[in-house]
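1. One predicted model, sequence on top.
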Amino acid sequence: MAIYYLDVDDEITSAAARIRDSADSRLALVLSGGSRVATSRINFRLLALEAKHRHKRLAIIAADPSVQSVARTAELAVYTTVAEYERAEAAIARGLHGRSPNDVSDALDELALTVAPAEGANRPGGTGMTRIAGSSPANGGPKRRVRISRALVVGVTMLVVAVVGAAAFFFYPSANVVLTLREDSVGPMTVSVKVDPSVVAANDQTGTVPGLSKAFAVDASGTFDATGQNVVDTAATGTVTFVSLNTYLAVPVLAGTRVSTAGGIAFTTASTVTVPKATVSGTTITRGTAEAPIVAVNKGLSGNVAANAIVNVPTDLASALVASHPVGNANATTGGTHTVTPQIQQSDIDKAEASLLADLDSSFQADVRSAAAATSGPTLFTGSAHLGAAVCSPDPQGLLNQAVASFQLDCQGTGTATTADLTTATTLAERRVRAAVRTGYSIVGNSVTSSLGTAAAGGTTVVVPVTVQAVEVPIVDVAQLRAAVKGKSLDDARSILSSYGQAEISVSPDWATTMPSFDFRIDIQVVVPSQGPSPGASSSGGASATKVPAVVPPGTGEAASSPPVSSMEPSEPASESYFPTSGVTETPSVEGSPSPSPFPSIEPSPSPSPSIAPSEAPSANPTSS
């Protein structure tokens, strides 16, 4: 007997570890007020199931009435104080002392009623003579004694016992039971499994499984024409001569004075000059003249004009100069040029980048489709494909305004797509359906089926709907079934067995109306419809206990890993099993597979209980996302 005190902050996993690690078969957990373990009846059910799996008797010691009430819902023994628990355990120990029922002795006692012991045999002070029943002479004649040796008496007695025992064995009622277990559907349920490359392990509570981000490197290059132009114009220059017939005043011509040809090609003076007044000598007038440099107003070839082409001056200047031809250019103006060269403009760069990015995306999508079409390896989700930013060489902005006719541009990019092994998604969904199995039931090993829906990508994560369903059957123990029906009427036996399925009972002799009182006279064969008869489930008594069907109890991994029932060793000792009725208990394990614990997938977390507990998920058609 062991007593463990739990702290207020101890999790359910700590309490389960105390049960699992304890070497005692009788133990009690002392809970204080506000204990986290006492916040949910699911915790008590899981602790009770853990204790049953470990073949231990568990009690709860708590002074809080509300904690006691919750613990009783899990059918646990509840005590107010440690002293009360110790007194109860001592009383149980005294009540069980010396009790060792023996079915064989009971059978011999019952058979002894049908055999009359010989009179006078072994009577104290006897003569060693034995009187055979019925040896008295008829009609009250004198008794005749026959002397029989002791060896003959012993031999005859043994023969009688053997004959009577054989007759009892062959003629005492026997029963053959074929129990076809009831199959119930679990699901179908749809689980939305998220494939996330950022996680490294599956998480049953969030429904997330790890994925991988597969990279695809692509590149593209091309030569593109420059459509821009670099235009260089220079202004023509020259010299004009201003002529004045004004005899009174010298005429100043300011810099910037505009002169032009008859066709309107304009020039401006580059400096200020003064035209001297005309002089008169007799009848001869000598004109005043002054030369001034000029520059064409408009740059380009138009400023190159012929000699004497410049003839116009502003009106006020013409009035001051008085001359009819106030200006002229003795020589042609020269130096006006117009040069055009190709140049890269921004639109050329934008067009080149757009073309190369389209080529990169086309190559990336082709690579993704090719990888997705592969028949082996992880599944690639095309909807998650994404091409990252491209890097181009040379730097496109460095090309701007370069005076070239064409340019070369090379771009590289890397895209990614999410891949995953979808067996991890189906395995997670199958664990969900196993967790939905009702208490006292197990999944038929080959009944779990799953199908994948259409995946939906959201960035790098992908949601895959997995529809899963299974078949569950009651967990039964043939030895305890036999013990539950022996000595019962046939109707009562059928009623007990109907809790697990359809029972066909045949008795011999056929006039018997009750089941035999001895285990070895009852043969039970358990049949799982989807698997057929379980060869290990047929037994006619003995010490071995056979668990059927060959199914996977809740929380035990893949169905294929469960060994067949027939693999149980004949020497396996009888153990507890759970029955929904008749007061029998559960041991959902088979030979070759360790007794499962209800805690293997529970990690310490702020939540006091797992998201799905077997005892709170009995729905036949749940849907999880």
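-> Structure received.

2. could you give the mean pLDDT of the host helix or strand of residue 295?
-> Counting by DSSP states H and E, the element that carries residue 295 is strand 288-296. When the per-residue pLDDT values of strand 288-296 are averaged, the result is 95.

3. Pairing partners for that strand, with directions?
-> Here strand 288-296 has these sheet partners by DSSP bridges: strand 237-244 (antiparallel), strand 266-269 (antiparallel).

4. Show the subsequent helix or strand relative to that strand.
-> Scanning forward in sequence from strand 288-296 by DSSP H and E, the next helix or strand is strand 310-312.

5. Any chance you could give me the next helix or strand after that following strand in PDB, C-alpha atoms only?
-> Past strand 310-312, heading to the C-terminal end, the next element that is a helix or strand (DSSP H and E) is helix 315-321. The C-alpha trace of helix 315-321 is given here as PDB (Å, rounded to 0.1, in the frame of the first residue of the first chain):
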ATOM      1  CA  THR A 315      12.700  98.700 -86.300                       C
ATOM      2  CA  ASP A 316      14.100 101.200 -83.800                       C
ATOM      3  CA  LEU A 317      17.600 100.300 -84.700                       C
ATOM      4  CA  ALA A 318      16.900 100.600 -88.400                       C
ATOM      5  CA  SER A 319      15.500 104.200 -87.700                       C
ATOM      6  CA  ALA A 320      18.600 105.200 -85.900                       C
ATOM      7  CA  LEU A 321      20.900 103.800 -88.500                       C
END
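
6. could you pull out the helices for the stretch 251-400 of the chain?
-> Under the criterion DSSP state H, counting those that start in this stretch, the stretch 251-400 of the chain contains helices at 315-321, 346-372, 396-399.

7. Ok, the chain next?
-> Under the criterion DSSP state H, the chain contains helices at 12-21, 41-53, 65-73, 82-96, 103-112, 150-171, 315-321, 346-372, 396-399, 423-435, 478-485, 490-497.

8. Ok, which of these comes nearest residue 509?
-> When those are ranked by proximity to residue 509, the top entry is helix 150-171, at 7.7 Å, counting by Cβ to Cβ. The way it works is simple: take the backbone N, C-alpha and C, and place the C-beta from them, glycine included.

9. Residues in contact with stretch 188-198: which ones?
-> By Cβ atoms under 8 Å, 6 or more residues apart in numbering, the surrounding residues in contact with stretch 188-198 are 206-213, 381, 418, 420, 425, 428-429, 432-433, 436, 453, 455, 460-469, 621-625.

10. Out of those, which end up buried?
-> Burial of the contacts of stretch 188-198 was assessed by neighbour count (16 or more other Cβ atoms under 10 Å); the buried members are 207-211, 381, 418, 420, 425, 428-429, 432-433, 436, 455, 460-469, 622, 624.

11. Strands - which of those residues land there?
-> With DSSP state E as the criterion, strands contain 208-210, 418, 420, 461-469 from among those.

12. which residues touch stretch 66-77?
-> 31, 33, 35, 38, 40-41, 44-45, 47-48, 57-60, 62, 78, 80, 88.

13. Leaving out chain neighbours, which residue sits closest to residue 457?
-> Leaving out its chain neighbours, the residue that sits closest to residue 457 by Cβ to Cβ, 6 or more residues apart in numbering is residue 383, at 3.4 Å.

14. count of residues packed around the one you found?
-> 13 (other Cβ atoms under 10 Å).

15. quick one, what contacts it?
-> If you count contacts by Cβ under 8 Å, 6+ apart, residue 383 has them with 455-457, 462.

16. Lowest average pLDDT across the helices of the chain?
-> Among these, helix 103-112 carries the lowest mean pLDDT, a mean of 40.

17. So, low pLDDT: which residues of the chain?
-> Screening the chain residue by residue with the criterion pLDDT under 70, one finds the ranges 95-149, 164-172, 531-625.

18. List just the nearest of the contacts of residue 383 to residue 257.
-> Residue 257 has its nearest neighbour among the contacts of residue 383 in residue 457, at 77.0 Å by Cβ to Cβ.

19. Run through the residues that contact that closest one.
-> Residue 457 is in contact with 381, 383-384, 418, 463, counting by Cβ under 8 Å, 6+ apart.

20. what does residue 220 give?
-> So, once contact is read as Cβ under 8 Å, 6+ apart, residue 220 ends up touching 356-357, 359-360, 363, 410-411.

21. Need the helices of the chain in CSV (columns: distance to residue 271).
-> CSV is the format used below for those (distance: least, Cβ to Cβ, whole Å):
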stretch, distance to residue 271
helix 12-21, 102
helix 41-53, 106
helix 65-73, 112
helix 82-96, 122
helix 103-112, 141
helix 150-171, 148
helix 315-321, 15
helix 346-372, 42
helix 396-399, 44
helix 423-435, 90
helix 478-485, 128
helix 490-497, 129
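
22. Nearest approach to residue 335 belongs to which of the ones you listed?
-> If you check each of the helices of the chain against residue 335 by Cβ to Cβ, helix 315-321 wins as the nearest, at 25.0 Å.

23. What are the contacting residues of that closest one?
-> Contact with helix 315-321 is made by 242-246, 249, 251, 253, 257, 275, 313, 326, as judged by Cβ under 8 Å, 6+ apart.

24. next one: stretch 254-262
-> Contact partners of stretch 254-262, identified using Cβ under 8 Å, 6+ apart, comprise 240, 266-272, 292, 294, 297, 305, 309-314, 317, 327.
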